[in-house]
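# structure for the following, please:
(chains A and B)
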Amino acid sequence: MSFALLLLLAPAAPAVECLTPFLLPPPGRPTEGSGLYAFDPSDVVETFDTPSGDVRVHYSVSGPNVARLDDEDFDGFPDFAETVGIRTEQAFQAFQAFGFRRPLSEADLDLGDLGGSPAFDVYLVDFAGVGDGMFAADACTREPNHCAGYFVMENDFEGYGYPDLDSAIVTLTSHELFHAVQQAYESESPIWFTEGTAVWAERLFDAENEDFLHYADAYLDDTGRSLDQPPPGPVPTFAYATCLWWRYLTIRYGIGINVAIQEGVEWDGAPKDTLAVLEATLQASGGMLAQEWATFASWNLATRGRSGTAESYDFASQIGPVEITEQGWPIEDDNRFYPLAASYFRIDHPGGDLWFAQEDDATGVSFALHPVAGGAPDGPVEDALVTWIGSLGPTRRLLASDLPAGGYVLVGAYGVIAESSRKVHLCLGDEDSVLACLPGLDTAEPDTGDTSGDTAEDGEDGCGCSSRAGRRSGGAIALLALVLATLRRRR
Amino acid sequence: MRLPSWPLAVLLASCDGGTDDTAPQDTSPQDDTGELTSRCPEPTPPPCTDAMVLDLSLHDDAVSDGAVNTTSEGDDRLTVVDATAGGFGQDHEHPWVYIRFDTDGAHRVDIDDEAALESLEWHLALRRSQLRLNGGDGGPSCVGADARTTSAYADIATVPADAEFQLEDFYTDACELQMEPYGLYPAYVLGAWWSYGSCVETTLTPYLVQLDDGRILKLVVEAYYATGQEACNASGTPGTDSGTITLRWAFLH
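Here you go, the predicted structure:
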């Protein structure tokens, strides 16, 4: 792939989404020979209609965009085009069965029979390695912002890295068709939502989808980045990688929550803020964004070599591991905890008491300390030993007494919708090292948060922590108990 | 989009205490001994650092080792910067390359991205096609530039009387990122150096760059590829090793 994606050099145009690169729609269908991904005038284009008549596949039998033409069943149609049509039709049916709307048709917008029939059109065009699929809108309504369109996909996948041809077809058809589904709700959603949920839809359609795993893995390389803040650039992988969060929600709440979020972002007299819709939908489903984000962060820790013991995804061993922000013993770091992001710190604990201190405002940051199983320095992690919420001011606390030696991982997750990060100077170590790290804490105001539920021993300042060990404390944050109770009900 | 709120006074502050994004076109300030002095001796933190860390993918745990080599060609310096940053699509995982223009050439400043937000040592940061000056929204110094879109690099021998040096200004007062017309990258002051056909073409737009000590140099980005830039510009064929930036520059007197 090249810098080619600068192709976004785009004047205002109908909304377009694509599987990898983001390209402008040609001014007309690919059969009209214009645009970046279009048939050449010398192409001889034929069509295959699925049995239901819902999908028409346009492919070239001769010319620069010639598709795979093998016809092993001798039915007169290339197997490749047939499979594309059948898979697209299956995705149509699957998404509807899961409760999503059907994509808008040409008839819905009085566009006539574009592509020569009322069917949804798919065009097989050579992408020459620069991407492999693109949804393009023919026309849109405004308020609500709905679009009807078609998609273009790679004509033969020669030189592409998919494990096999059917995987490529399944990935592309489900991804691009889901963009068409999204356009039946809202055509102006942010890319981190549209691409993330389109990759999520790949796995919904195909439980073994490897493209989903690829992007889920990519998310774990950049967990410190806010969910809604992919980096600028032509192909923001992070936008696609948010698929992991949408999958997490499905596991926790069922597919209905994903449907509800699509419905929630639809214009209904005013533009919708996607994050606000996410939070409201979670609340309507009985959850809370902060606690779900903290659990999501812990699930993400328990991946690849750290999977197998703590609760996580059924595909946890196939993704990750998360990137560790800081590791060693003791740890002192200035870290920015961004909204809807998480950071990880691994310690090699020699054994004994474990202390934590923060110098700055860490309100809303959920911390969880996970031991590595068997006292190993790294490897499968166990469920959190201690959890607590960061406090307003400087705080020092004893997380646990007389811990066995071994590896431990601290997770810091800031699961709120906020304008900026929490930049926190933090220390993790024995009492002496934490005192040396933040000596000013000797005079710090104590954290006097209420205690509720099982907690670890008090921090020196009177703060409290929830603990799996069940030790009684006098300072836990009431919210935490609520969080844990809710989580248990949902597991 | 989230809209961080920042103190207006901070937003408007520039290194010289000005209240806009245009740096003063003063000549090189000197102290009593005739030594050059900085127009902005104290760093002014960029107003949107929190957003910047994410938007520009800044790292606090890595320093670029991208090679920076300068040769001479007549009165010009040719500086080749390895700003490949891991290759296409990987740049956000890699630190920027920071360079400083000195009389004996351009030198790499070994500093991590977050430390660079407090440093006056560097003048220009590079990562693939992104070139960011140390000033305004881009850094704590007061390095500014003026695009001379109607001139050729070779024809600039002195500082034009109408030169106006712009500091980086790619955030709004509310720290919303402002993108260049293509919508791909922040609207950097030097952003007009490239265009896109089917490869990254160099527009050969010359710039005047005013450093923190007031000295002014002329600069043009000659290549984005290690080889093949001419073919890219002429026929749209991509070159090799994209992100290998060649800068031609010379101090103006």
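# what about the strands in the stretch 201-350 of chain A?
Taking DSSP state E, counting those that start in this stretch as the criterion, the stretch 201-350 of chain A contains strands spanning A:326-328, A:331-337, A:341-349.
# shouldn't residue A:106 be in contact with residue A:137?
No. Between residue A:106 and residue A:137 there is no contact under Cβ atoms under 8 Å: 11.4 Å. All C-beta atoms are positioned from the backbone trio N, CA, C, and that covers glycine.
# so which of the strands of the stretch 201-350 of chain A is the most packed in?
Each of the strands of the stretch 201-350 of chain A was assessed for mean neighbour count using mean count of other Cβ atoms under 10 Å in any protein chain shown. The highest is strand A:341-349, with a mean of 23.
# list the buried residues in the next helix or strand after that one.
Where DSSP states H and E defines the elements, the next helix or strand beyond strand A:341-349 is strand A:352-358. Residues of strand A:352-358 classed as buried: A:353-358 (neighbour count, 16 or more other Cβ atoms under 10 Å in any protein chain shown).
# packing partners of the helix or strand that comes right after strand A:352-358?
From strand A:352-358 onward toward the C-terminus, using DSSP H and E, the following helix or strand is strand A:365-371. For strand A:365-371, the helices and strands in contact under the criterion 3 or more Cβ pairs under 8 Å, 6 or more residues apart in numbering or on different chains; DSSP states H and E are helix A:289-301, strand A:386-389, strand A:395-403, strand A:406-414.
# which one of the buried residues of strand A:352-358 is nearest chain B?
When these are compared for distance to chain B, the smallest value, 17.8 Å, is given by residue A:358; criterion: Cβ to the nearest Cβ.
# residue A:409 versus the nearest residue to the closest one once chain neighbours are set aside, what's the distance?
Leaving aside its chain neighbours, residue A:358 sits nearest to residue A:426 (5.0 Å; criterion: Cβ to Cβ, 6 or more residues apart in numbering or on different chains). As judged by Cβ to Cβ, to the nearest Å, residue A:426 and residue A:409 stand 14 Å apart.
# more neighbours, those two?
Between residue A:426 and residue A:409, counted using other Cβ atoms under 10 Å in any protein chain shown, the more crowded position is residue A:426 (28 against 25).
# which SSE is that one in?
Residue A:426 is part of strand A:422-429 when elements are defined by DSSP H and E.
# give the buried residues for the helix or strand following that strand.
Toward the C-terminus, strand A:422-429 is succeeded by helix A:431-437 as the next helix or strand (DSSP H and E). Of the residues in helix A:431-437, those with enough neighbours to count as buried (16+ other Cβ under 10 Å) are A:433-435, A:437.
# isn't residue A:61 up against residue A:69?
Yes. Using Cβ under 8 Å as the test, residue A:61 is close enough to residue A:69 to be in contact (6.2 Å).
# shared neighbours of the two, anything?
Overlap between the contact sets of residue A:61 and residue A:69, as judged by Cβ atoms under 8 Å, 6 or more residues apart in numbering or on different chains, is given by residue A:78.
# who's in contact with residue 87?
With no chain named, the answer covers chain A. A:169-170, A:173-174.
# correction: the question concerned chain B.
Residue B:87 makes contacts with B:242-243, as judged by Cβ under 8 Å, 6+ apart.
# now do the helices in the stretch 51-200 of chain B.
Listed in chain order, the helices found in the stretch 51-200 of chain B under DSSP state H, counting those that start in this stretch are B:113-116.
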